[in-house]
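Undergrad: Give me the fold of what follows.
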Amino acid sequence: MATGGASSSGSRKGGKHKNRLAEEKSPYLLQHCHNPVDWYPWGEDAFKKAKKENKPIFLSVGYSTCHWCHVMERESFESEEVGKIMNEHFVNVKVDREERPDVDKVYMSFIQATSGGGGWPMSVWLTPDLKPIAGGTYFPPKDHMGRPGFSTILTRISEQWKGNKDKLIQQGNMVIDALKELSVSAVDSSATLPGQECVKKCLDQLDNSYDEEFGGFGHAPKFPQPVNFNFLFRVWSSMKGSPEAQRALDMAVETLKFMAKGGMYDHIGQGFHRYSTDRTWHVPHFEKMLYDQGQLAIAYCDAYQITKDPFFADIARDILLYVSRDLSDRQGGFYSAEDADSLPNPGHKTKKEGAFCVWEADEVRNLLGEKLPHYDDMTFADLFAKHYNINRSGNVAFDQDPHGELAGKNVLIVRGSVENTAKAFGLEVAQVEEVLGKCRDILFKVRRKRPPPHRDDKMITAWNGLMISGFSRAAQVLGDAQYLDRAVKAAKFVRKKMYDDSTGKLLRSCYHDPEMDRVTQIANPIDGFADDYAFLIRGLLDLYEASYNEEWVEWAAQLQRKQDELFWDSEGLAYFTVSGDDPSVLIRMKEDQDGAEPSANSVSAGNLLRLASFHDDESWRNKSVQLMTAFGARLAAIPLALPEMVSALIFHQQTPKQVIIAGNPRDRDTKALLQCVHSSFNPNKILIIADGKEHGYLYEKLKVLSTLQKVDGKATAYVCENYACSLPVNTMLELDELLSK
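TA: Below is the predicted model:
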């Protein structure tokens, strides 16, 4: 398993300064604990100090694997001169956006509203009562080409505070009022539920931005955005046989192929990097995020389920191999991320982006010197270089590497195919695959000796939920028991470490203590947010359909009721992102966009429909309809902003199918029917086992289960829609026919 390195700035290694962030658990906050800045974590101590000393607050928000956060730390926060200005004129607060997405969201909304953009690090100046007065993202340390540097901005804001404090406070109040109004207008309880035209419009919007040559949507940089694949596969399923269905499928599978052949995919160490900086998926931003791995594992499983192309199954397996090896805590949780930056070798003192992953041509030639079959003058290196586009001078163009960190280096990318490479060398495809496999193994072992990138070993409930879904879906589709075991282990971990059984509430995060090699928690644990509930509930429902253990459905239902209690807006409808219990979060916002992660509202719309079918509970189905209706105006205008919610809308329009298997899931005939269910892509199915345990949870919730028995002593399948069930079937062929209708 990879070990977590020091921070990219090296500040965690110690120094003459030590601030109060040293008492925190967040890897991002710990990266800054030796800055000469008198940092505070977000909390009452900082707020009281600002009010007592009548100073504005400087809020810096980032995360531990953020490249430009490292740059700003090196340039500004490690500077004695800058630290002196900050300490004299401001109360300085550091926030890990992954710990506190609520704080991040409020002030990022301010940055986006005032500048039209956003990103991290986020730098915001606040009044002592937390109203924003100025902000931006990364600031260079010194004035340059007419752009003020960070020190200049600090000085100007300090002078404005002293001379125009009342005006700044008034300005901050106006900003918060405007943001509150904006958050209320995001939903409309008087809207109507969109129809099929919403689905078609979302498909058209994706089609219009599709890159016909290289796959993906829009221009560089290109992000994976798995919510788009979820939507496209559901369009294919709901419109089978139509030109629209084929177009949706083609866009999804071609993009997934280009991504997996590109440099955004780690061909040596598996897993996907964050995004591609170019149109061809070649040069990535090298950090790896857990939430990408969980969602993409599902996308590749779905693609395999639909196309039966083993290429997609292999990529899914590789993603899960990477997560199991490098992002797994031995107690069961999943870590958050790996950094883009690392030391090129142990002798270097400066980290570079991608250093852990890239290769020089001579290095590859020296490592892969074995002769190719039937060749005296060709080695493995020749074939490997051809297949992965390795050049002696490097394969990264100057405009893809503005800081020169990748000069002379190669980012592996497959421009052709194994068949093309085999033809070029006059070899069989199987021979080429064997050689490439040996080469990758050699390079993997060499790479493991390099200084590893920093690993963020914070464990986040929401992202663990996404990864539980990933392993559960892989267990269903690929039929590998180890994936089910890993998903169960993670679910048990979350229940033990990130859930308070006495209150029924989730916690946002827990932490790995590398010195004690144990899981630990902060003094005042952070309550879970709406996405923690939504993503985990979906993970538990997926886990039930892989394990057939009804305790996961029962816990999912308990969590849904708690989510409804904490976050549901009974007046404006939809879910707030926060519970409203923390007075330092000035606005209860509602997420209205699916991005790198789906929004809690979008995922909840699907969860509620699934739970309604598991419980015969119309109140949850009605709540899902209310939720989608609340976003009706946005869905009608820009459905591409919420493709995951459009997927839930398709689910609602198609009517869920309850696929009920009467039998013992350990028996061979039951397993055969379950295999049939998992072999085809049916996103509107609800899979339920009727195992005869009439005092069990699901038998109590679904009265129909007690009426559905085995026929002729054999495992029997029933497909039910709208409170009516099909005639019973015993064979895989008959069940497949029912599912395909």
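
Undergrad: is it true that V519 lies in a strand?
TA: Yes: using DSSP: H, G, I helix; E, B strand; the rest coil, the assignment for V519 is a strand.

Undergrad: What is the neighbour count of A361?
TA: 18 (other Cβ atoms under 10 Å). Placement of C-beta: from N, CA and C, glycine included.

Undergrad: separation between the closest residue to it other than its chain neighbours and D382?
TA: Excluding the flanking residues, the one nearest A361 by Cβ to Cβ, 6 or more residues apart in numbering is R392, at 4.5 Å. Distance of R392 to D382, computed by Cβ to Cβ, to the nearest Å: 12 Å.

Undergrad: And the two? Which one has more around it.
TA: Between R392 and D382, D382 has the larger neighbour count (other Cβ under 10 Å), namely 18 against 12.

Undergrad: quick one, phi/psi of the more buried one?
TA: phi -60, psi -50 (degrees, to the nearest 10).

Undergrad: cool, S64 as well?
TA: phi -70, psi -20.

Undergrad: Next up, the contacts around it.
TA: Each residue near S64 by Cβ atoms under 8 Å, 6 or more residues apart in numbering is listed here: S7, S26, P27, Y28, Q31, D96, A337, D339, H454, D456, K458.

Undergrad: got a list of what the last one touches?
TA: The contact partners of K458, taken as Cβ under 8 Å, 6+ apart, are 25-27, 64, 96, 98-99, 335-336, 509-512.

Undergrad: Reformat the residues you listed into CSV and put pLDDT, distance to N664 and secondary structure next to each item.
TA: Formatted as CSV, those follow (pLDDT from 0 to 100; distance: Cβ to Cβ, whole Å; DSSP: H, G, I helix; E, B strand; the rest coil):
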residue, pLDDT, distance to N664, secondary structure
K25, 96, 45, coil
S26, 96, 46, coil
P27, 96, 46, helix
S64, 96, 47, coil
D96, 98, 47, strand
E98, 97, 42, coil
E99, 97, 44, coil
Y335, 98, 37, coil
S336, 98, 39, coil
S509, 98, 39, strand
C510, 97, 37, strand
Y511, 97, 41, strand
H512, 95, 39, strand
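
Undergrad: any idea which of the residues you listed is closest to F425?
TA: Set against F425, the nearest of the contacts of K458 by Cβ to Cβ is Y335 (40.2 Å).

Undergrad: Looks like that closest one contacts D329 (just checking).
TA: Yes: Y335 lies in contact with D329 (Cβ atoms under 8 Å); the separation is 6.5 Å.

Undergrad: about what we covered before: filter the contacts of K458 to the buried ones?
TA: Among the contacts of K458, those classed as buried by 16 or more other Cβ atoms under 10 Å are 25-27, 64, 96, 98-99, 335-336, 509-512.

Undergrad: Among those, which pair sits farthest apart?
TA: Checking those with Cβ to Cβ, the most distant pair is S64 and C510, at 15.5 Å.

Undergrad: A557 reaches R610, doesn't it?
TA: No: the pair A557 / R610 is not scored as a contact, 10.5 Å apart, by Cβ under 8 Å.

Undergrad: which one of these two has more residues nearby?
TA: R610 (27 against 20).

Undergrad: and the more buried one, what does it touch?
TA: L541, P656, I686 are the contacts of R610 under Cβ under 8 Å, 6+ apart.

Undergrad: Same check on L29?
TA: Applying Cβ under 8 Å, 6+ apart to L29 gives the contacts L21, W39, P41, K94, D96.

Undergrad: That one in helix, strand or coil?
TA: With three-state DSSP as the basis, L29 sits in helix.

Undergrad: That one and A630, how far apart?
TA: Distance, L29 to A630, using Cβ to Cβ: 36 Å.

Undergrad: if we can go back for a sec, from the contacts of S64, which single one is nearest F214?
TA: Using Cβ to Cβ, A337 comes nearest to F214 of these, at 26.2 Å.

Undergrad: which phi and psi does that closest one have?
TA: Dihedral angles for A337 - degrees, to the nearest 10 - are phi -170, psi 170.

Undergrad: So for stretch 488-497, what gets flagged as buried?
TA: V488, K489, A490, A491, F493, V494, R495, K497.

Undergrad: what's the distance between the last one and D211?
TA: In other words, K497. According to Cβ to Cβ, K497 stands 42 Å off from D211.

Undergrad: residues making contact with stretch 376-389?
TA: Stretch 376-389 has contacts (Cβ under 8 Å, 6+ apart) with 267, 361, 364-365, 367-372, 390-391, 395, 410, 412-416, 418, 421, 424-425, 432, 435-436, 438-439.

Undergrad: Please indicate which of these are buried?
TA: 267, 361, 364-365, 367-368, 372, 390, 395, 410, 412-414, 421, 425, 432, 435-436, 439.

Undergrad: ok, back up a step: minimum pLDDT in the contacts of S64, which residue is that?
TA: Minimum pLDDT across the contacts of S64 is recorded for S7, with 35.

Undergrad: And the helices in the stretch 51-200 of the chain?
TA: Under the criterion DSSP state H, counting those that start in this stretch, helices of the stretch 51-200 of the chain are mapped to 67-72, 80-89, 101-115, 150-185, 196-209.

Undergrad: could you give the mean pLDDT of stretch 40-47?
TA: In this model, stretch 40-47 has an average pLDDT of 97.

Undergrad: Mind listing what's buried along that stretch?
TA: Y40, P41, W42, A46, F47.

Undergrad: ditto for stretch 429-445
TA: For stretch 429-445, by 16+ other Cβ under 10 Å, it's Q431, V432, V435, L436, C439, R440, I442, L443.

Undergrad: where's the third one, which helix or strand?
TA: So the one you mean is V435. Using DSSP states H and E, V435 sits within helix 429-447.

Undergrad: Beyond that helix, next helix or strand please.
TA: strand 455-456.

Undergrad: Could you give the separation of that next one from the chain centroid?
TA: Relative to its chain's centre, strand 455-456 lies at 15 Å (Cα atoms, centre = their mean, to the nearest Å).
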